[in-house]
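In: Pasted the sequence and its predicted model underneath.
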Amino acid sequence: ASGPLAMQMFLPALPAIQKDLGVDAGVAQLVFSLSLLAMAVSTLAYGPLSDRLGRRPVLVGGMLLALFLDWLGFSGPMAAFGPIIFVGLGNGLALPSANSGIVSVRPHLAGSASGFGGFIQIAAGALLSALAVALLGPGNGPVTLHLLLLASGATSIVTTLYVIAVSRSEARRAARAAGDA
């Protein structure tokens, strides 16, 4: 899921972006803390939304919300730091659904799926945070970070849509097989 990856890319990029924009470290850390609070609040809202809308629409909607809101800023400190609050909101909506989806595909392998899902999140986060730091340069911090966030989110959405398509295809195949029997 894009959520942990966005946060893992943002944290190592924070000092470079602060320097580029001349933003006080306390302000940058406050905005990041607000993103974590937004994530907690939206995680609490996930249950009622998921019950009403279903798990998959909430997952895709959370990812789209995170991407859309990340690109609302124009320039300056709020354009660089403000969108991470909305990424936190999207994460809170997407992560519970993604995690339940990971363990629900093959219930007898839920423990292995959970462990592998965690491994993928940590490994991808480590790679993307290293990439973010490597690509940041004087004057391009916010733009580079936003492009990486966009790429990460878009990859998550494409992957999610692929999984949904495969799931529907398997369900149709199973229904046909049951009808033939």
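Out: Happy to help now that I have it. Numbering: from 1, shown residues only.
In: use CA for all of it now, contacts and neighbours both
Out: Noted.
In: Just checking the distance from the helix or strand where residue 122 lies to the centre of its chain.
Out: Secondary-structure assignment from DSSP states H and E places residue 122 in helix 110-135. Chain-centre distance of helix 110-135: 12 Å, with Cα atoms, centre = their mean, to the nearest Å.
In: which residues in the chain form helices?
Out: Using DSSP state H, the helices of the chain run over 2-21, 25-53, 55-70, 77-81, 83-104, 110-135, 141-180.
In: where does this protein have low pLDDT?
Out: Within the chain, the ranges that satisfy pLDDT under 70 run 1-6, 50, 53-86, 139, 141-143, 181.
In: rerun that using 90 as the cut-off
Out: 1-107, 117-118, 120-168, 170-171, 174, 177-181 (pLDDT under 90).
In: out of the helices of the chain, deepest packed?
Out: Ranked by mean neighbour count under mean count of other Cα atoms under 10 Å, the helices of the chain are led by helix 83-104, which reaches a mean of 24.
In: and it, how far out from the chain's middle?
Out: 6 Å.
In: Check stretch 8-20 too.
Out: 18 Å.
In: One more: stretch 155-166?
Out: 13 Å.
In: and stretch 32-48, C-alpha only, in CSV?
Out: Output of stretch 32-48 as CSV, limited to C-alpha atoms (Å, rounded to 0.1, in the frame of the first residue of the first chain):
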residue,chain,number,x,y,z
PHE,A,32,4.0,15.6,9.8
SER,A,33,2.5,15.0,13.2
LEU,A,34,-0.8,16.3,11.9
SER,A,35,-0.6,13.8,9.1
LEU,A,36,-0.3,11.0,11.6
LEU,A,37,-3.3,12.3,13.5
ALA,A,38,-5.3,12.5,10.3
MET,A,39,-4.4,8.9,9.6
ALA,A,40,-5.6,7.8,13.1
VAL,A,41,-8.9,9.7,12.7
SER,A,42,-9.6,8.3,9.2
THR,A,43,-8.7,4.8,10.4
LEU,A,44,-11.5,5.2,13.0
ALA,A,45,-13.9,6.3,10.2
TYR,A,46,-12.9,3.3,8.1
GLY,A,47,-15.2,0.8,9.8
PRO,A,48,-18.5,2.6,9.1
